[in-house]
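Trainee: predicted model and sequence below, questions to follow.
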Amino acid sequence: MAAEMQRTLHPAEGEAESRYRRVFETATDGILIMDAETGVITDVNPAISELLKYSRERFIGERIWEMGLFPGILADPEDFEKLQQQESARYERVPLETANGQRIEVEFVSNVFEADHQRVLQCRIRDTTERCLAEARISLQLSALKATANAIVITDRDCNTEWVNPSFTALTGYSAEEVVGTPLGILKAGMQPLECYVDLWSTMQAGHLWHAEVENKRKDGQSYTEEVTITPVMGADGLPAHFVVVKQDISERKRAAERIQQLNRTYQVLSNITTTILREKDPFAMLDAACRIAVEKGLFRMAWVGFPDEPNRRMEVVAQAGDTQDYLEGLGMTLEEEPRGRGPTVQAFRSGNHAVSNNIERDPSMAPWHEAAQRMGFRSLAALPLKVEDETVGVLTLYAETTDFFDPEEMRLLDELAADMSFALEVSQGELERRESEKELRWRTAFFEAQVGSALDGILIVDGQGRKILQNESMVRLWKIPPDVE
């Protein structure tokens with residue numbers, strides 16, 4: 001009756017209370033009202049019953065801590081007293097268990113205020129389970145992005161950098177603070193061929209994935225090759241809103257692949273020259289063919305074979321192939337102890353072991369030929385001794401267009417190549433000596449037979465078994481033995 005009279009006397013207050021009640025009843029957050037002095041629950045809205053699966057009757061008249069709903073923040077009267085003293089409090093990610101055993105997470109907000117001259121404590125409980133799960137997923141994804149070994153960049157639709165992971169800093173040397181807000185590094189003019197930019201922009205603007213291998217530079221100026229994948233994140237307007245860039249340093253992988261290709265080419269050179277050795281009997285023709293195969297199959301810039309010209313104390317070019325131009329004409333390689341007699345080719349000739357210059361420009365022993373080698377694009381060379389009966393008779397010299405080309409594996413194959421060529425030279429030398437011996441034997445036999453045939457005395461030559469080998473005409477005439485009698 002008093003409440004009705006109060007509403008009659010103060011209609012504005014009654015309307016406010018009515019509006020509050022409508023809000024209270026229709027709120028999507030759970031609301032729980034309790035006496036601020038005793039902790040007894042006096043009212044709840046439908047949303048909290050739906051959330052916690054308890055009926056309204058189960059709440060009314062119960063002390064909040066006795067229900068055991070909030071063990072982390074309202075487990076006993078002491079917790080309730082702390083809540084009273086705080087006047088207002090907020091707790092996030094509060095774990096709860098509903099009446100049917102479902103575990104959820106909620107946001108808990110409490111406020112103490114006066115209503116009808118009585119202090120009440122209002123608690124608002126919002127179900128944040130889905131939000132917490134989404135945040136956990138985002139946190140997991142962010143942790144994964146940070147932990148991944150690949151560099152990752154996220155840009156806006158204009159390709160301005162918004163976020164980078166630690167691997168980006170490790171790869172490029174640039175910190176997040178240095179690149180956030182700046183254009184994506186791959187888009188810097190001049191770093192890629194023009195057609196690369198055209199393809200990149202057209203693909204990105206169309207909202208398609210772009211993938212390529214590109215050359216880039218670290219903060220310290222060191223060049224490297226990276227594999228780049230750019231994936232668009234489409235916005236509500238159907239246009240790319242962001243781009244996710246994944247970068248991986250593939251320099252070592254490319255070098256390894258190139259090395260395998262070169263070793264395969266060297267194997268092919270070795271195989272082809274072996275075939276040539278078996279087919280070609282002329283040693284100088286074989287050396288010419290070996291130089292040609294080294295250039296054509298092994299992709300060496302130049303190959304030449306030098307033999308010593310002892311009377312003139314210099315190395316003479318006997319076979320060559322590749323980009324020789326005037327390089328060999330101005331070689332001037334001597335066997336004397338002077339600058340032009342200290343290069344790798346003469347070193348190999350003197351020592352009988354291979355000699356390598358993996359950086360011609362910085363090799364003091366190559367000083368006389370620095371300018372010519374640079375002009376020809378020669379960056380490294382290997383000199384391989386050719387031997388006959390363990391004596392060095394010549395040197396095969398190969399030139400490459402990159403520094404550090406002749407590594408141990410390459411030299412192992414090239415030493416095998418030089419050994420095969422040496423064997424061919426040794427066989428050719430043996431064959432030449434055999435032919436000379438046969439020629440001399442034929443001459444000596446003819447001379448001997450001529451002497452026997454012209455002798456006046458009868459001559460008969462037999463072997464150890466008494467079989468006739470040779471008799472002259474005088475023997476036939478004196479002893480009347482026919483020539484055909486054995």
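Mentor: Cool, got the structure.
Trainee: any weak-confidence spans in this structure?
Mentor: The chain contains residues with pLDDT under 70 at 1-14, 185-192, 325, 428-460, 462, 466, 469-472, 474-486.
Trainee: quick check: domain ranges of it?
Mentor: Split into domains by automatic domain parsing, the chain comes to 2-133, 148-249, 256-431, 455-486.
Trainee: among those domains, which is the most enclosed?
Mentor: domain 256-431 (a mean of 18; mean count of other C-beta atoms under 10 Å). All C-beta atoms are positioned from the backbone trio N, CA, C, and that covers glycine.
Trainee: any idea how far that domain is from the chain center?
Mentor: Distance, stretch centre to chain centre, for domain 256-431: 32 Å (C-alpha atoms, centre = their mean, to the nearest Å).
Trainee: and stretch 28-38, by the same measure?
Mentor: 63 Å.
Trainee: ends of it, what's the gap?
Mentor: 27 Å (C-alpha to C-alpha, to the nearest Å).
Trainee: and for it, what are the contacting residues?
Mentor: Identification of contacts with stretch 28-38 by C-beta atoms under 8 Å, 6 or more residues apart in numbering yields 24, 40-45, 47-52, 59, 63-64, 84, 112, 118-127.
Trainee: circling back: redo the domains of the chain as CSV? Include distance to L140.
Mentor: CSV is the format used below for the domains of the chain (distance: least, C-beta to C-beta, whole Å):
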stretch, distance to L140
domain 2-133, 10
domain 148-249, 12
domain 256-431, 34
domain 455-486, 100
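Trainee: between the ones you listed, which gets nearest to Q141?
Mentor: Closest to Q141 of those is domain 148-249 (C-beta to C-beta; 10.6 Å).
Trainee: all strands of the stretch 1-150 of the chain, in order?
Mentor: 30-35, 41-44, 88-97, 103-115, 118-127 (DSSP state E, counting those that start in this stretch).
Trainee: so can I have JSON lines of those showing distance to A400?
Mentor: As requested, the strands of the stretch 1-150 of the chain are exported to JSON lines (distance: least, C-beta to C-beta, whole Å):
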{"stretch": "strand 30-35", "distance to A400": "78"}
{"stretch": "strand 41-44", "distance to A400": "85"}
{"stretch": "strand 88-97", "distance to A400": "64"}
{"stretch": "strand 103-115", "distance to A400": "66"}
{"stretch": "strand 118-127", "distance to A400": "70"}
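Trainee: closest to F243 out of those?
Mentor: Nearest of the strands of the stretch 1-150 of the chain to F243, taken as C-beta to C-beta: strand 88-97 at 32.9 Å.
Trainee: tell me what that closest one is packed against?
Mentor: In terms of contacts (3 or more C-beta pairs under 8 Å, 6 or more residues apart in numbering; DSSP states H and E), strand 88-97 is packed against strand 103-115.
Trainee: can you rerun that using 10 Å?
Mentor: On a contact count with 3 or more C-beta pairs under 10 Å, 6 or more residues apart in numbering; DSSP states H and E, strand 88-97 meets helix 46-52, strand 103-115, strand 118-127, helix 129-147.
Trainee: relative to strand 118-127, how tilted is that strand?
Mentor: Strand 88-97 and strand 118-127 are oriented at 50 degrees to each other (axes from the mean of the first three to the mean of the last three C-alpha atoms, to 10 degrees).
Trainee: sheet partners, orientation included, of strand 88-97?
Mentor: According to DSSP bridges, strand 88-97 forms sheet pairs with strand 103-115 (antiparallel).
Trainee: now for the residue nearest to E336 when sequence neighbours are not counted: which residues touch it?
Mentor: Leaving aside its chain neighbours, E336 sits nearest to R313 (5.6 Å; criterion: C-beta to C-beta, 6 or more residues apart in numbering). Applying C-beta atoms under 10 Å, 6 or more residues apart in numbering, we find R313 in contact with T334, L335, E336, G341.
Trainee: over to D309?
Mentor: M315, E316, V318, T334, L335.
Trainee: again, 6 Å this time
Mentor: Going by C-beta atoms under 6 Å, 6 or more residues apart in numbering, D309 touches E316.
Trainee: contacts for stretch 280-296?
Mentor: Residues contacting stretch 280-296 (C-beta under 6 Å, 6+ apart): 269, 272-273, 276, 300, 303, 305, 319-322, 398, 421, 424-425, 428.
Trainee: ok, 7 Å please
Mentor: Here stretch 280-296 makes contact (C-beta atoms under 7 Å, 6 or more residues apart in numbering) with 269, 272-273, 276-277, 300, 302-305, 318-322, 398, 421, 424-425, 428.
Trainee: ok, stretch 122-131 next?
Mentor: For stretch 122-131, contacts defined as C-beta under 7 Å, 6+ apart pick out 29-33, 48, 51, 93, 104-111.
Trainee: now R103: how far from D127?
Mentor: 12 Å (C-beta to C-beta, to the nearest Å).
Trainee: distance to T182 added to the helices and strands packed on strand 88-97, as JSON lines?
Mentor: Listed next are the helices and strands packed on strand 88-97 as JSON lines, based on distance: least, C-beta to C-beta, whole Å:
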{"stretch": "helix 46-52", "distance to T182": "47"}
{"stretch": "strand 103-115", "distance to T182": "38"}
{"stretch": "strand 118-127", "distance to T182": "40"}
{"stretch": "helix 129-147", "distance to T182": "20"}
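Trainee: could you pull out the helices for the stretch 351-486 of the chain?
Mentor: 370-376, 408-454, 473-479 (DSSP state H, counting those that start in this stretch).
Trainee: just to revisit the earlier point, of all the contacts of R313, which comes closest to N358?
Mentor: Nearest to N358 among the contacts of R313, counting by C-beta to C-beta, is G341 at 21.0 Å.
Trainee: now, the contacts of stretch 280-296 that are in strands?
Mentor: If you go by DSSP state E, those have M302, A303, W304, V305, V318, A319, Q320, A321, G322, L398 in strands.
Trainee: may I see the residues you listed organised as JSON lines, with distance to V180 added?
Mentor: JSON lines is the format used below for those (distance: C-beta to C-beta, whole Å):
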{"residue": "M302", "distance to V180": "51"}
{"residue": "A303", "distance to V180": "53"}
{"residue": "W304", "distance to V180": "57"}
{"residue": "V305", "distance to V180": "60"}
{"residue": "V318", "distance to V180": "65"}
{"residue": "A319", "distance to V180": "61"}
{"residue": "Q320", "distance to V180": "58"}
{"residue": "A321", "distance to V180": "56"}
{"residue": "G322", "distance to V180": "51"}
{"residue": "L398", "distance to V180": "50"}
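Trainee: out of these, which comes closest to F349?
Mentor: V305 (11.4 Å).
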